[in-house]
Each structure stands twice: as structure tokens, then as C-alpha cells.
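**Student:** heads up, no residue letters with this:
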């Protein structure tokens, strides 16, 4: 399994805008591009980070070009936030996460 990490500084007042753009984009990538999903976290300092998983680096690297909607959502995320770290990529060597209860995924906290 391959993982990709990103961290953003979101403009004050645009947190929900960023979260909703991230959520829709991530769903599209999962449903249409073969991604295994991602988790978005908000840090105590107000930054956000996400950790996305893919079946392999090859699957991630060879995905089709983004759709118009995907490009629009990426542009919205850039409008609302500055990427401050990432993408950092690597293969998973150990995984001790407990799966979330069914029905918990895809929700904003």
C-alpha cells in the first residue's frame, strides 16, 4: 500500500469551504481514480493534514487526468489554503490502525 501526506494552512474564515472541497475531491478520487480514501485532520495550530492511501505507487502515478470538477475543487482548495508540506509519499511498512466503525467514513467532524 502507498500513502501520501499533505499539510495546509487554511485562511481564517474558510475552514468549512476547504473541508467541503477536500471532502468532495477525495470522494471523487476514491470513487473514480482507485484511491483507497483519506482522513483529514485539523491540528491545534489550525493547520490541516491529510493522509491518503493507494493500492500502490503505480496506481497513484498512472491515474487518469483529473476531470473538470476535480480540477475545480483543487483550485478551490488552493484559493482557501496554502500547501505547507507535501506531498510526502511512501509505502506502508506497518499498519496498526483500527478500522472505523462502518458508516463513520466520509463525515466532517
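**Tutor:** In hand now; what should we look at? Everything numeric in this text was worked out from a predicted model, so none of it was measured.
**Student:** Helix, strand or coil: sort out residue 96 for me.
**Tutor:** What DSSP: H, G, I helix; E, B strand; the rest coil gives for residue 96 is coil.
**Student:** Next up, the contacts around the nearest residue to residue 56 once chain neighbours are set aside.
**Tutor:** Among residues not flanking residue 56 along the chain, residue 2 sits closest, at 5.4 Å (Cβ to Cβ, 6 or more residues apart in numbering). No exception for glycine: its C-beta is placed from N, CA and C like everyone else's. Applying Cβ atoms under 8 Å, 6 or more residues apart in numbering to residue 2 gives the contacts 53-57, 59-60, 89-92.
**Student:** Emit the ChimeraX select command for whichever of the residues you listed are buried.
**Tutor:** In ChimeraX, this line selects whichever of the contacts of residue 2 come out buried by 16 or more other Cβ atoms under 10 Å:
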select :53,54,60
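**Student:** could you point out which element follows the helix ranked longest in the chain?
**Tutor:** In the chain, with assignment by DSSP state H, the single longest helix is helix 15-33. Sequence order places strand 38-42 as the next helix or strand after helix 15-33, per DSSP states H and E.
**Student:** what's the strand of greatest length in the chain packed up against?
**Tutor:** In the chain, taking DSSP state E as the definition, the longest strand is strand 81-91. On a contact count with 3 or more Cβ pairs under 8 Å, 6 or more residues apart in numbering; DSSP states H and E, strand 81-91 meets strand 2-10, helix 57-61.
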